[in-house]
Structure formats: C-alpha cells, structure tokens
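A.B. asks: Return atomic coordinates for the entry below.
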Amino acid sequence: MKTNKTYAVFGLGKYGSAVAKELAANGVDVIAVDDNESIVNDLATDLPICKCADITDPEVLKQLGIANVDVVIIAMATNLEASLMAIVHCKELGIPTIIAKSGNETHKKIMEKVGATQVVLPESESGFRLAKNILSSGFIDVIELAKNVSMLDIPIQPEWIGKTILDLDLRKKYSINIVAICENDSVNININPQTVLTSSMHLIVIANPEKLEKLQS
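C.D. replies: The predicted model follows:
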C-alpha cells in the first residue's frame, strides 16, 4: 500500500536491514543509518540513502535530517544504551512515531518509559513483518499467508459504526472475509451478520491488502 510518510532505520543488522529493504522496495523514502562502515557499504546498492553515522549524537541526527521524518525504527536491541539515547533524541526532535526493537520484556518497559511509541520483540515480530505492518498504514497487524492474501487485524472504520455486517456487505465491497470480531479481551469467531459494529471492536479478516487501499482513502 502506498504511503507518503518518510522513515529512518537505525541499526542495519539482520532485523534493521530487513525493515529498511522492505520499505525501500515499496517505494517509500528511507534513511538507513549504521555506525559500521562495512555494513553501510554492503547495503548501499539496496538502500538509496544509507549513511554511516553515530545516532547517539543529536547533532548528527539533525544533520541527517531525521527531524523531518515521520517514523523512526530503532533496531539495535543488543545496545540498550544507544537505543535509549536514540529514543530520547528522536522524541526531542518531535518524531511522531518511534518504534524500537527490544531484547527482552524488561528493556521493553524501559524503552516505553523514555518515549518509544511502540516496542517490538524480535522473537515475535520479524523485520519483514514489521515493515508490512508499517506499510499497511492504519491496520493493526498483518500476517502474509500467500501472494496477495493476508490475515489482517483492522480497526472499525468511522462509517461502519452503528451498522451491521450484513448492511456493510464487506465481502462484496472489499473482498473481506471476516474471521473474528474482537472487543476488549473477547474474540468471537461465530460471526453473526446482524452484529452491530462499535468503535471498541476490531476485525480479524482475510483479504488482499491491495484491495483494502479504499479503506485508507
């Protein structure tokens, strides 16, 4: 799905490079940064903007133009200090969304406290999947099942509130097949077409993500 947002990825190990490559492959603007020159040189052909720099230095971040990006992904779970410094600097620069990779639950809590918008654990979320989630722009989660077929967790659109599944006819309009309706801690897989949708719900669906672009317009 297309997006006009701009991104920066700090740390180009296996995880960070997977995020940066997938974002770049989908035509979005990505500033990829690592302090290892050999890694940067190896990825230069895949990533149009790939810089060797110290992301713990706030002046360096300003020079790189990080203040102008919408989303920063900090993928340096093995270096907690550098990750925390990067989160703080990005928050001070006013970055709207700061996503950080964490090595464990304890580090995750610390990252959240210093300002990370979202923290992901590598064992539960691959870099490729994170990039897919980012590109989905508005969908909560995406799991690619096959080419052009994904399972998605999507929020209830404002215009759906107060209407039934039967009224909306989502299968015909968007080729959406509803797998479950989630609300608070409950998950209902017995779909009743007369269910009235509310803002507190979200849907687990199987669909072609490209056909869902209409939901973002």
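A.B. asks: Poorly predicted segments of this structure, please.
C.D. replies: Applying pLDDT under 70 to the chain picks out residues 1-3, 122-151, 185, 209-217.
A.B. asks: what about the strands in it?
C.D. replies: In the chain, the strands defined using DSSP state E lie at 6-10, 29-34, 49-52, 71-74, 97-101, 118-120, 141-146, 149-155, 177-183, 186-188, 201-207.
A.B. asks: Reformat the ones you listed as CSV; add mean neighbour count and distance to M111.
C.D. replies: C-beta coordinates here come from the backbone N, C-alpha and C atoms, glycine included. Converted to CSV, the strands of the chain look like this (neighbours: other CB atoms under 10 Å; distance: least, CB to CB, whole Å):
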stretch, mean neighbour count, distance to M111
strand 6-10, 26, 13
strand 29-34, 24, 18
strand 49-52, 18, 23
strand 71-74, 26, 8
strand 97-101, 24, 5
strand 118-120, 20, 5
strand 141-146, 13, 20
strand 149-155, 18, 23
strand 177-183, 16, 26
strand 186-188, 11, 28
strand 201-207, 20, 25
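A.B. asks: Tabulate these (a markdown table), appending distance to L61.
C.D. replies: As requested, the strands of the chain are exported to a markdown table (distance: least, CB to CB, whole Å):
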| stretch | distance to L61 |
| --- | --- |
| strand 6-10 | 9 |
| strand 29-34 | 9 |
| strand 49-52 | 11 |
| strand 71-74 | 9 |
| strand 97-101 | 12 |
| strand 118-120 | 19 |
| strand 141-146 | 29 |
| strand 149-155 | 32 |
| strand 177-183 | 38 |
| strand 186-188 | 41 |
| strand 201-207 | 35 |
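A.B. asks: Between those, which one is closest to G65.
C.D. replies: Of all the strands of the chain, it is strand 29-34 that lies closest to G65, at 7.0 Å by CB to CB.
A.B. asks: Good, wrapping up.
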